[in-house]
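Undergrad: got a structure for you, letters missing:
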């Protein structure tokens, strides 16, 4: 299949009362693992890459956004389930615009350091540009805390009235909210502020998004979907599982480097890491209610 319009994916999810999972990728193996799981479970899926990471000015080597776009589009074209493709959480507006032109069909400008007015104006401009090119836009009101000690930021819960104002002023398609969800929570799980989420849903009719899916308790997540959450993002636990599989594979005493890289057998680290991502996605995707909805 080719990429499905985000509007169609969202419409189907809302009509059938489930949430789309965005399971973030970072290379070919992780992308294939996500697609393997989506196909095995018969689930519509959002694939994509992290714009904050790829655009970071302190990267040792500059990334090529078109390579990631083409990789995502090729994965979607080969998949047997409907796919959307997001360039996620990027603070660099130039990169977001490049992602639109490169073929992502959902982009998310995000900048926790910006004032409300600055962020609103930038998002509104990007939304106009993206819509002219047939691309949907996700943005956020409120900022998530981080679950790791080496990265702290000022965080704030989403104000329902401000969220409604922001959506009206920017004309975005999806709104990400902060209701107790946490970025990069590597241990444990937390409940959501479901009362606040309900109040946001009463004022905002756009689809709502939860980032930090790794650390959300299953009971909270199910209720959040009932309250209007239509997309849930996962990333942290996928990389944790990927790295565990990679480290385990590299302990094998193998002399032939091709057995470890590329032959596809028992000791191939690429296969082990792909399978780890697949299995991790399968552990969580059923909670979203999307399994079997691709048929």
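TA: Perfect, I can see it now. None of these values were measured; they are calculated from a predicted model. Residues are numbered from 1 along each chain as shown.
Undergrad: alpha carbons only for contacts and neighbour counts from here, please
TA: OK.
Undergrad: So residue 231 belongs to a helix, correct?
TA: No: using DSSP: H, G, I helix; E, B strand; the rest coil, the secondary structure at residue 231 is strand, not a helix.
Undergrad: my guess is residue 216 contacts residue 179, does it?
TA: No: between residue 216 and residue 179 there is no contact under C-alpha atoms under 8 Å: 10.6 Å.
Undergrad: Spit out the residues that contact these two alike.
TA: Common contacts of residue 216 and residue 179, defined by C-alpha atoms under 8 Å, 6 or more residues apart in numbering, comprise residue 192.
Undergrad: in whichever helix or strand residue 74 is part of, what counts as buried?
TA: Secondary structure from DSSP states H and E places residue 74 in helix 65-78. Across helix 65-78, burial judged by 16 or more other C-alpha atoms under 10 Å covers 65, 68-69, 71-73, 75-77.
Undergrad: ok, of those residues, which one's closest to residue 226?
TA: residue 76 (27.9 Å; C-alpha to C-alpha).
Undergrad: now the helices for the stretch 151-295 of the chain?
TA: In the stretch 151-295 of the chain, the segments counted as helices under DSSP state H, counting those that start in this stretch are 160-170, 194-203, 218-226, 236-249, 257-260, 269-285.
Undergrad: Which one of the ones you listed lies nearest to residue 135?
TA: Closest of the helices of the stretch 151-295 of the chain to residue 135 is helix 160-170, at 14.5 Å (criterion: C-alpha to C-alpha).
Undergrad: quick one: that closest one to helix 194-203, angle?
TA: With axes from the mean of the first three to the mean of the last three C-alpha atoms, to 10 degrees as the basis, helix 160-170 and helix 194-203 are set at 40 degrees to each other.
Undergrad: Counting by contacts, list what helix 160-170 packs against.
TA: Contacts defined by 3 or more C-alpha pairs under 8 Å, 6 or more residues apart in numbering; DSSP states H and E place helix 160-170 against helix 116-132, strand 136-141, helix 194-203.
Undergrad: what's the most buried one of these?
TA: strand 136-141 (a mean of 26; mean count of other C-alpha atoms under 10 Å).
Undergrad: tell me the angle of that strand relative to helix 160-170?
TA: Using the same axes, to 10 degrees: strand 136-141 against helix 160-170 is 150 degrees.
Undergrad: what comes into contact with strand 136-141?
TA: 6-7, 105-110, 123, 127, 130, 158-159, 162-163, 166, 172-178.
Undergrad: Now, these that are in strands?
TA: Counting by DSSP state E, these place 106-109, 174-177 in strands.
Undergrad: can I get these in TSV with distance to residue 20 and neighbour count?
TA: Compiled in TSV, the ones in strands among the contacts of strand 136-141 are given as follows (distance: C-alpha to C-alpha, whole Å; neighbours: other C-alpha atoms under 10 Å):
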residue	distance to residue 20	neighbour count
106	13	26
107	16	27
108	16	29
109	19	25
174	12	26
175	14	25
176	13	23
177	16	27
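Undergrad: which residues of the stretch 51-200 of the chain score low on pLDDT?
TA: 146-154, 183-188 (pLDDT under 70).
Undergrad: The spatially closest residue to residue 34 that is not a sequence neighbour and residue 192, how far apart?
TA: Spatial nearest neighbour of residue 34, excluding adjacent residues (C-alpha to C-alpha, 6 or more residues apart in numbering): residue 278 at 5.5 Å. As judged by C-alpha to C-alpha, to the nearest Å, residue 278 and residue 192 stand 26 Å apart.
Undergrad: Appreciated, that's everything.
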